[in-house]
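# After the sequence you'll find the predicted model.
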Amino acid sequence: MAKVKLPDGSTLEMPDGSSAAQLAEKIGPSLAKDAVAVEINGQITELASSIDNDVDVRIITLKDKIGLEILRHSCAHVMAEAICSIWPDTKLVYGPRIEDGFYYDIDLDKPITPSDFQQIEEAMAQIIKADVPIVRKQMAREQALERVAGDKYKTDNILRADGDVISFYSHGDGFDDLCRGPHLPSTGRIPSFKIMSVAGAYWHGDPTQKMLQRIYGTAWPTKKLLEEYLNRLEEAKKRDHRVIGKQLDLFSFNEAGPGFAFIHAKGMVIWNAITDFWKAVHDKYGYSEIKTPIILNEQLWHKSGHWENYKENMYFTEVDGLGYAIKPMNCPGGCLVYKSRQHSYREFPLRVAELGLVHRHEASGVMHGLFRVRQFTQDDAHIFCTPSQIEAEIIGVIELTFEIYRAFGFDDIHIELSTKPIKHIGSDEIWETATNALENALKHKNIDYKINEGDGAFYGPKIDFHIRDCLKRSWQLGTIQLDFSMPERFGLVYTDSDNTEKTPVMIHRAVLGSFERFIGIIIEHYGGNMPLWLAPKQVRILPISEKTNDYALDVLNKLKDSNLRAEIDMSNEKIGAKIARAHAEKIPYMLVVGPKEAQSQAVNVRIRAVKENKTLSVDEFIKAAKQKIADKKLDLIF
Ligand SMILES: [Zn+2]
Ligand SMILES: [Zn+2]
């Protein structure tokens, strides 16, 4: 009998050779119905897998993230089968799952267009309706190579695969495909799907090769979830920061500098509001601030290692006949500031922040509004400390990071910890100390995190911060990276308590990542409806007619004296037109003033996106607005 340990700690006995599906059945019929795969001793595999020894087993359903990924990847195979059934000349290349869906790269001379999607979807629906088992077949590498002989894509996939055993998966008896798996038990387990789009893609990104067609699709556990997803995509289109940025006159791009953003006056108000807040929080957490040059001598980049590892993404120039580089990162400059004087353990931890302007070359095809640019301001900081201070410093950075995210309304924060990769520098001891410090800091803060084993940088482990916006899209923003390399390369030292010189630990960290990208993210998150503290114009006064212009000016002066960003619409238009314009510009508060308001020193307040308006005294309004700003409130209602 095989003894099986379940996630809740309980154990079950199963006859040797039982399948995971039989186990699910034994646990309960509803679990058996929902089961799509199984995790045996940490290994994700098919439900058909047998359970032979004493093992830890977890049944996976579509409620699991992994279950969803298996659903989507399995759907890619079903789509591939459907395409092959319609166009038998199709050569299949590669069909991975991606965030929210999957794609399949195919080599087919006939161009697939959106008008073909329905036909493909109908063929897929047939395959799903037939509910044929998805069956694994495995063989030795040579045998597999023989099997795919003549197919350069599949041959290449086998040559790139790890291990000596290669697997194929078949649906029914007609179709099979090379794949590592795992998959759903049968095609009928795909509840809802949709083909989304088609695009060109090069094989391994190699433009000398024939252009392939990449067909994107999505799959969800229910029709309702699919519909919600499609709605979110629609909503994302409406919130596109490039469109809103133009509408609200926040920023622009020009062919004079592809990938270099022009931030307009109103965009700068948002920028500066974020900067002021960022600086205040950093001050509170004991950071000082520096600014280092954008252009620095080539030699420095040899020393930092960027020349060897990052040259392709850097810009270069020449000054007085000597080679210079435009900084892609702020760290070397930060090291030079550190080195400009002696340091003692007594001043540690030393937290030095820099809003540094960096340039990184991105291919023209990947640029996307403010999300992918070639020049951006990184909200960087470097912390120099002793190994024993790492944990407390990480806790401090986590607290600071959460405080900043929450001010923007980002409460759904997810953390990943990346550990020692195979290729690394530094002793195992320092890696262990550092990784433990990161883990202990996360545990201390009671934070759930995901471990990416072996995914750290070669110079140290790291923590990444991901947030989800209101459309449930995930964005990686912040990072904390320990560095055992750069302090050595730059010969950074400090005098320790025993009077010996030692190398400090260097922690790189960023919270927002890139100011430009972050502003793009919040524009989409808020749909352009900026909370009061970030709104370029917070208040617009709308006189009903010329007769109340003087009173409107009095109100304006009062608002300005209170540091509110206010203006008056003195145009000759009717009040209805003034309101409509302020509404289109997403102004948080409109103050309508007529003779009645003038007489009582009051204002009639219209709040963005709120039907009812209310009349109150100017002073009361100012007090309420200032409170909203001080509290960084996301809502405007008072
Ligand atoms: Zn597969
Ligand atoms: Zn750095």
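Nice, thanks for sending it over. Ligands and ions are numbered 1, 2, ... in the order given.
# which residues touch stretch 146-159?
Applying C-beta atoms under 8 Å, 6 or more residues apart in numbering, the contact partners of stretch 146-159 are 91-94, 107, 139, 141, 144-145, 166, 168, 178, 203. In this view, the C-beta of every residue, glycine as well, is placed from N, C-alpha and C.
# Show me how to select, in ChimeraX, the buried members of those residues.
Of the contacts of stretch 146-159, the buried ones can be selected in ChimeraX as follows, counting by 16 or more other C-beta atoms under 10 Å:
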select :92,93,94,107,144,166,168,178,203
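# Now, the contacts of stretch 146-159 that are in strands?
K91, L92, V93, Y94, D107, M139, I166, F168, L178 (DSSP state E).
# Go through these and name the one nearest ligand 2.
Y94 (35.1 Å; C-beta to the ion).
# check contacts around the closest one.
By C-beta under 8 Å, 6+ apart, Y94 lies in contact with Y104, D105, Y153, N157.
# Including neighbour count, secondary structure and distance to L71, could these go into CSV?
CSV is the format used below for those (neighbours: other C-beta atoms under 10 Å; DSSP: H, G, I helix; E, B strand; the rest coil; distance: C-beta to C-beta, whole Å):
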residue, neighbour count, secondary structure, distance to L71
Y104, 24, strand, 15
D105, 21, strand, 20
Y153, 18, helix, 24
N157, 19, helix, 22
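# From V397, how far out is the one residue in the stretch 451-600 of the chain that gets nearest to ligand 2?
Of all residues in the stretch 451-600 of the chain, H508 sits closest to ligand 2, at 3.3 Å by C-beta to the ion. Going from H508 to V397 by C-beta to C-beta, to the nearest Å gives 10 Å.
# hey, what's in contact with both of those two?
Shared contacts of H508 and V397 (C-beta under 8 Å, 6+ apart): I480.
# Can you tell me which of the contacts of stretch 146-159 is closest to G305?
Comparing the contacts of stretch 146-159 against G305 with C-beta to C-beta places W203 closest, at 31.5 Å.
# my read: the closest one touches K210, true?
Yes - counting by C-beta atoms under 8 Å, K210 is a contact partner of W203 at 7.1 Å.
# And the residue of the stretch 301-450 of the chain that's closest to ligand 2?
Per C-beta to the ion, C331 is where the stretch 301-450 of the chain lies closest to ligand 2, at 3.2 Å.
# correct me, but that residue touches S304?
Yes - using C-beta under 8 Å, C331 makes contact with S304 at a distance of 6.9 Å.
# any residues in contact with both of those two?
Common neighbours of C331 and S304 (C-beta under 8 Å, 6+ apart) are M486.
# quick one, strands of the stretch 451-600 of the chain?
Assigned strands in the stretch 451-600 of the chain, in chain order: 462-468, 474-483, 494-495, 501-502, 505-514, 539-543, 566-568, 589-593 (criterion: DSSP state E, counting those that start in this stretch).
# Relative to Q599, which of those is closest?
Nearest of the strands of the stretch 451-600 of the chain (C-beta to C-beta): strand 589-593, 10.5 Å.
# Leaving out sequence neighbours, find the closest residue to I422.
G454 (6.4 Å; C-beta to C-beta, 6 or more residues apart in numbering).
# which ones are touching the residue nearest to the spatial centre of the chain?
Centroid-nearest residue in the chain: W475, 1.8 Å away (criterion: C-alpha atoms, centre = their mean). W475 makes contact with H466, I467, R468, D469, I521, according to C-beta under 8 Å, 6+ apart.
# Now do the same contact list for the residue nearest to the first one when sequence neighbours are not counted.
Okay, so that is H466. In space, H466 comes closest to H414 once its chain neighbours are excluded; the distance is 4.5 Å by C-beta to C-beta, 6+ apart. The contact partners of H414, by C-beta under 8 Å, 6+ apart, come to D448, Y449, K450, F465, H466, I467, R468, S474.
# tell me which of those is nearest to L534?
I467 (16.4 Å).
# Secondary structure class of the spatially closest residue to that closest one that is not a sequence neighbour, three-state.
Nearest residue to I467 in three dimensions, chain neighbours excluded: F410, at 4.2 Å (C-beta to C-beta, 6+ apart). For F410, the assignment made with DSSP: H, G, I helix; E, B strand; the rest coil gives coil.
# Begin at 521, not 1, for the rest of this chat.
Got it, the first residue is 521 from now on, which makes the last one we talked about F930.
# What count of nearby residues applies to F930?
By other C-beta atoms under 10 Å, the residues close to F930 number 21.
# so what's it up against?
Residues in contact with F930 (C-beta under 8 Å, 6+ apart) are I987, R988, D989, H1045.
# Hmm, the third one is touching I1041, no?
Yes - the criterion here is C-beta under 8 Å, and D989 meets it with I1041 at 6.5 Å.
# okay, the two: which has more neighbours?
Neighbour count, other C-beta under 10 Å: between D989 and I1041, I1041 has more, with 23 against 19.
# out of the contacts of F930, who's nearest V1123?
Distance to V1123 across those (C-beta to C-beta) is lowest for H1045, with 29.8 Å.
# E1140 sits in which helix or strand?
helix 1138-1150 (DSSP states H and E).
# tell me which parts of this structure are close to ligand 2?
Within the chain, the positions near ligand 2 by C-beta under 5 Å from the ion are C851, H1028.
# Next up, the contacts around the residue of the stretch 521-670 of the chain found nearest ligand 2.
Residue nearest to ligand 2 within the stretch 521-670 of the chain: E619 (27.5 Å; C-beta to the ion). E619 sits next to S994 when contact means C-beta under 8 Å, 6+ apart.
# so what's it scoring on pLDDT?
Per-residue pLDDT puts E619 at 89.
# next one: N573
pLDDT, read off for N573, is 77.
# Excluding sequence neighbours, find me the nearest residue to it.
Sequence neighbours aside, A522 is the residue nearest to N573 in space, at 6.1 Å (criterion: C-beta to C-beta, 6+ apart).
# Quick check: beta-bridge partners of that neighbour?
Beta-bridge partners of A522, counted by DSSP bridges, are M534.
# and it, how many residues sit next to it?
Under the neighbour criterion other C-beta under 10 Å, A522 is assigned a count of 18.
# What of L1076?
Count around L1076 with other C-beta under 10 Å applied: 18.
# Relative to E919, how far out is the one residue in the stretch 621-770 of the chain that gets nearest to ligand 2?
For the stretch 621-770 of the chain and ligand 2, the shortest gap (C-beta to the ion) falls at H761, measuring 27.0 Å. Using C-beta to C-beta, we find H761 at a distance of 29 Å from E919.
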